[in-house]
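K.L.:
please find the sequence and the predicted model below.
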Protein chains: 6
Amino acid sequence: MRPSGRNPNQLRDIRFTCHYTKHAEGSVLVEFGDTRVLCTASVENKVPRFLKGKGEGWVTAEYGMLPRSTHSRMDREAGRGKQGGRTLEIQRLIGRSLRAALDMKALGEHTITLDCDVIQADGGTRTASITGGFVALSIAIEHLLKTKRIKKNPLHGQIASVSVGIFGGVPVLDLDYAEDSQAETDMNVVMNEAGHFVEVQGTAEGHAFRKDELNAMLELAEYGIKQLLEKQQQALQEANSFDQSKS
Amino acid sequence: MRPSGRNPNQLRDIRFTCHYTKHAEGSVLVEFGDTRVLCTASVENKVPRFLKGKGEGWVTAEYGMLPRSTHSRMDREAGRGKQGGRTLEIQRLIGRSLRAALDMKALGEHTITLDCDVIQADGGTRTASITGGFVALSIAIEHLLKTKRIKKNPLHGQIASVSVGIFGGVPVLDLDYAEDSQAETDMNVVMNEAGHFVEVQGTAEGHAFRKDELNAMLELAEYGIKQLLEKQQQALQEANSFDQSKS
Amino acid sequence: MRPSGRNPNQLRDIRFTCHYTKHAEGSVLVEFGDTRVLCTASVENKVPRFLKGKGEGWVTAEYGMLPRSTHSRMDREAGRGKQGGRTLEIQRLIGRSLRAALDMKALGEHTITLDCDVIQADGGTRTASITGGFVALSIAIEHLLKTKRIKKNPLHGQIASVSVGIFGGVPVLDLDYAEDSQAETDMNVVMNEAGHFVEVQGTAEGHAFRKDELNAMLELAEYGIKQLLEKQQQALQEANSFDQSKS
Amino acid sequence: MRPSGRNPNQLRDIRFTCHYTKHAEGSVLVEFGDTRVLCTASVENKVPRFLKGKGEGWVTAEYGMLPRSTHSRMDREAGRGKQGGRTLEIQRLIGRSLRAALDMKALGEHTITLDCDVIQADGGTRTASITGGFVALSIAIEHLLKTKRIKKNPLHGQIASVSVGIFGGVPVLDLDYAEDSQAETDMNVVMNEAGHFVEVQGTAEGHAFRKDELNAMLELAEYGIKQLLEKQQQALQEANSFDQSKS
Amino acid sequence: MRPSGRNPNQLRDIRFTCHYTKHAEGSVLVEFGDTRVLCTASVENKVPRFLKGKGEGWVTAEYGMLPRSTHSRMDREAGRGKQGGRTLEIQRLIGRSLRAALDMKALGEHTITLDCDVIQADGGTRTASITGGFVALSIAIEHLLKTKRIKKNPLHGQIASVSVGIFGGVPVLDLDYAEDSQAETDMNVVMNEAGHFVEVQGTAEGHAFRKDELNAMLELAEYGIKQLLEKQQQALQEANSFDQSKS
Amino acid sequence: MRPSGRNPNQLRDIRFTCHYTKHAEGSVLVEFGDTRVLCTASVENKVPRFLKGKGEGWVTAEYGMLPRSTHSRMDREAGRGKQGGRTLEIQRLIGRSLRAALDMKALGEHTITLDCDVIQADGGTRTASITGGFVALSIAIEHLLKTKRIKKNPLHGQIASVSVGIFGGVPVLDLDYAEDSQAETDMNVVMNEAGHFVEVQGTAEGHAFRKDELNAMLELAEYGIKQLLEKQQQALQEANSFDQSKS
């Protein structure tokens, strides 16, 4: 029995509130149950040094947790003077995952920075960040197309992510904090709209996992990501209508 | 004429969404028009070194802006490895202002940290932080009293803050970004429920200001803070009812 | 009764030793009683990035305390690896105050950096820094005019600063450390030669202050700053004669 | 055809030089072809704060590359003043992987730090670090047992790691730099002596990978790790004989 | 011919202004010609961790240059966030040199920190710091004896330092900046009252130096240090009389 | 009697393993007994800012100790976020010493960085670094000449270094850790092929040293450095043959 009462293959309530803030070219508040992450996509007319003069763009991500997004207050990374290893690891993962959906030539010499800031944490903040990050990125790209800053849509795929794990001996989908903190195995999976893998990161927290357990988890992930991809599509359609009704 | 169409002595729409996040002992999303700040109050059973063994508590504040809370994206302070001077100045101001309302002996050996994180900036983030910070602090203290972690209410006053300035030659209340970025003079005022001053910080941005201009601004501030104090009271009553209906 | 035996409206002994060091374009040792601050103004033929190509100059300030300028030794900020919030707050205040006296167009593409280093602290180091900083700045500008690096005097005003406060229930002028550490209210005021305000920063340390207390303090500040402006003029005239006798 | 001429399922030459340095409780130079990593295990009689008084030990890892271990010289992280995200990610992975083989209760209040320093890099430094790290850890534990600092062997498993990937459309084992820099997919696998997974980290560099590709890579990894586990055993037996011949 | 017109074996004007600041247990402004360094000795009732419980004291030194103590303004180390290699090298040298004169057992569990802050630089700041540092240290120890915080004088020697070099082919004593910046060889020598060496640091700036040049420089150093030791004695006698006349 | 049983004027076993790593333009593992330092010389087609456009090159050095190169594990400097004073002091010494052997005009606009990383420490790591650093530098320059990146050999001298000290009252050559940690006096000497001094750094650890002790130590240093210069020559000849046999 899962602490939340969900079925093993059941996602939490997933919500996307697009255009959540007004300054960013793309923004969304993504919620996976009680996990809430604000994702903004900011476009700048410049590229990192290693891309200068190549006619290509770049997508990068930054991740942060508000100090009291968690059960007990964490030190503010800006105050401590450095970002922890977990933060750097997660933002590298988000950036890599989203870059897999883009044609950098078509993006032209723009940098899009995804800021994923955790307002409230209840497990799965990195998968929520990737899934919401894709929505914010799409809105920003739609904006670039509408304002003619780019001609061709650089998005050639759709990306979503979910966590899976083994909890109480049973493979489960989309772990919340109560499960995550006790899971024997924890795996984050990023897939595209074709059902192919972009990232697979599995860690044995308790005991090492067998091949059949791995396969069961991957199947659950595929099942969950399929639903997330649909919810992203819905959210983007509504965001777009909303955006057009404004103009 | 103000860019927002407001009268010179008119506040923006003020909203408090109490219990905005679930982990903090006190939390509120405060909105001054489009300026939105998440204030959380976190209680810890420890005090800073200089207070050890004195039987007193402490209140401190931290302030941060999400990178894309602003018109153009700012660097993330955690990534740059240090907090800027403006950030430190503001969080010192918030902490000082809120400590003015508390009896540290009655608080006992607890530290309450106010985290004021700007979700969206449109001018006046520091006055919104102080005004919202007081609400979050009050909720946290109510929680300490209910859970018997303290016996006596350490709050002996109420604190709110607003900005005033001279825009287009006219003293105006509660400047938004469009005004703030062009104001000749900018002043942040913190007052208590008795109408006395806790902090007065005035800066001539354009030309030095005269005594009569100072007085006109202080009157506007008093007028605005009176309304803010009432709105805080309403919000706290609703929060309390909400909290009791839950239990 | 003030610890120093001064009258409530009496400044400490004020001394300016101009040309205190030989390398800086402008330098002065300013003393407010036992508070001694070395102010140097350094001119560089460059401007910060945000001013490049605009034909304007810039004035900025840095502030530091020698580790044993204070009663008990403070950590060296260079050793700790960062400047504290108080330091950053003070140097922002000094810079802002002095910029209020300058026409940046007339300064041309030069940056003048005021270094205010506290040799001995006895209260009022920030107001001494601003008052001495203006003298160092004037000497440096005189130097730029004499050496034809600029054509037109960019100074269009004169700036001085003093602290006022409420000590033992009485408004007093120019607080020393013995008063400052026990004052109920502390206010730093920066004014120009026309008697207008450039900065007003008042903090209730003990109890919140009333409007009439604020007014009494502002009058004291005006009275003190008038004398400081005269002393600056005297010092600059002597410095200039001295400088001319050398050439 | 692989640049090195190896078969798709062929490891590079693997060598372990145990007792490579004299101060560490355990040390080994591990070589995967031209990739050379010095792994040392250092034992200290203390534990991190979160474990104090629990009677348990801890294993942690640090990773570094010598500035000219790579094709072009990298900045020295100690000089830049911080470790990069890649470094932190790798050392977290090494620590997690090795902890999976230990009973922390049996280790008692000791901390073992694995330092994995890359002398020469030619692809696969993280998998070499884990594989060599296990050998250094085993030698250090053998030393603790011989010197009676612990009574029971805390090792309950054996850990090795290898990279697999898809290069030129073909799944290959143990990628060197020439392959790694052009691979379409790159996966690092950590397994134990029972053939179960401790970590699986796969990244699509070029195109997203299919389930059958994932399975082919996992089989290659299992095949390679089996050989690495045997080579570790041989090295440890020789190290032990060598160690006993000395005493 | 030396730029200053001095003879090759002639020191600059040496001045010690004892009790230069009022807070430190010992303080002196030392001047070697235009080089001016403020040396303060601060006593604290604690010792570094590695000495805890051993009944011994410690002497350490910190060194800093005010940003405009030099010809062109240097960045403030506190602002850059770290002390440069030259700073660290010099403060290690000062600390080592002064520790050579002390019996740490007799000092008891006190730490004396020498802060050597350069007000104006004209060559030889490190030798002035050591020579002035000894005077500040002596005054602080005299203070500890008078106030009965220690019983036995821990000073068992006297320390002074001077620079020597080869300028225009000629060995010269006590180089100023004009010489130092063009010297072929530069050597800093620290000696005690017995004429023995505490530190010898010679660097070939232009061409490598011969044994006979080394010997000529060491003789000059001995000749200069003898005079510095006498001047330190005079200064300390005057400081002591002054101090007694106050009490 | 020396702990190692060596005669007072006896060097440890000295070994140079040239071409120790494959990426650097020059590399050598230098061993002074159990002290092992990996020296690599990296060539880059750029110069530091202060040399831009002058047609000159630069040589600089960096030094590091692997965390467990020492008896007890040291913190990793990259993790602590800064290099210690000892590290900075040593790398400044290595750079200065090697620059003394080069004509920067002949080097042209190249920067050569010597990385000296201590694999195992047993005393004398800085003198081994300088002595090995010269070999790595020579190999790199040979490489620049062969590949026609420079036309004229910029090396105009040969540099080696050794430590001397007074141990048990006797002057000894090339101290190992057992001696170094107990020596009364410790001196590092850098000389060139003409027997002239490039650097002399002597420190009295126990008692101050006399002139005759200084002379005895300098003679020992000269005797030892002569042998080191020969061993460098042999190593470079073998390295060159080896290099040519490859091509």
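P.N.:
Sure, I can see it. The model shown is predicted, which means the values in this text are computed figures rather than measured ones. Residues are numbered from 1 along each chain as shown, chains lettered A, B, ... in the order given.
K.L.:
I figured residue A:173 hits residue A:222, correct?
P.N.:
No - between residue A:173 and residue A:222 there is no contact under Cβ atoms under 8 Å: 10.1 Å. No exception for glycine: its C-beta is placed from N, CA and C like everyone else's.
K.L.:
more neighbours: those two, which one.
P.N.:
Under the criterion of other Cβ atoms under 10 Å in any protein chain shown, the comparison of residue A:173 against residue A:222 puts residue A:173 first, with 24 against 16.
K.L.:
up against chain D, what does chain A have?
P.N.:
Contact residues, chain A versus chain D (Cβ under 8 Å from any Cβ of the partner chain): A:82, A:84-86, A:88-89, A:91-92, A:96, A:100, A:157, A:187, A:191-192, A:194, A:196-204, A:207-211, A:214, A:218.
K.L.:
any weak-confidence spans in chain A?
P.N.:
Applying pLDDT under 70 to chain A flags the ranges A:242-247.
K.L.:
can you rerun that using 80?
P.N.:
Scanning chain A for pLDDT under 80 picks out A:206, A:241-247.
K.L.:
nearest residue to the middle of it?
P.N.:
residue A:130 (1.1 Å; Cα atoms, centre = their mean).
K.L.:
identify the residue nearest it in space, chain neighbours excluded?
P.N.:
Nearest residue to residue A:130, sequence neighbours excluded (Cβ to Cβ, 6 or more residues apart in numbering or on different chains): residue A:161, at 3.9 Å.
K.L.:
can you get me a residue count around that neighbour?
P.N.:
For residue A:161, the number of neighbouring residues by other Cβ under 10 Å comes to 27.
K.L.:
wait, it touches residue A:197, no?
P.N.:
No - counting by Cβ under 8 Å, residue A:161 stays clear of residue A:197, with 10.7 Å between them.
K.L.:
dump the residue contacts of residue A:109.
P.N.:
Taking Cβ atoms under 8 Å, 6 or more residues apart in numbering or on different chains, we find residue A:109 in contact with A:45-47, A:51, A:55-57.
K.L.:
what about 6 Å?
P.N.:
Shown in contact with residue A:109 (Cβ atoms under 6 Å, 6 or more residues apart in numbering or on different chains): residue A:47.
K.L.:
helix or strand: which one has the nearest residue to residue A:138 once chain neighbours are set aside?
P.N.:
Take residue A:138 and drop its neighbours on the chain: the residue closest to it by Cβ to Cβ, 6+ apart is residue A:236, 5.5 Å away. If you go by DSSP states H and E, residue A:236 is part of helix A:211-246.
K.L.:
show me what counts as buried in that helix.
P.N.:
By 16 or more other Cβ atoms under 10 Å in any protein chain shown, the buried positions in helix A:211-246 come out as A:213-214, A:216-218, A:220-222, A:224-225, A:227-229, A:231-232, A:235-236, A:239.
K.L.:
ditto for stretch A:133-153
P.N.:
Buried positions in stretch A:133-153, judged by neighbour count with 16+ other Cβ under 10 Å: A:133-144, A:150.
K.L.:
ok, now stretch A:105-117?
P.N.:
For stretch A:105-117, burial by neighbour count (16+ other Cβ under 10 Å) applies to A:106-117.
K.L.:
tell me the secondary structure at residue A:130.
P.N.:
helix (DSSP: H, G, I helix; E, B strand; the rest coil).
K.L.:
list the contacts for it?
P.N.:
The neighbours of residue A:130, taking Cβ under 6 Å, 6+ apart as the test, are A:94, A:97, A:161, A:190.
K.L.:
so which other helices or strands are in contact with the host helix or strand of the third one?
P.N.:
Okay, so that is residue A:161. Assigned by DSSP H and E, residue A:161 belongs to strand A:159-167. In this structure, strand A:159-167 makes packing contacts with helix A:125-146, strand A:185-192, helix A:211-246, judged by 3 or more Cβ pairs under 6 Å, 6 or more residues apart in numbering or on different chains; DSSP states H and E.
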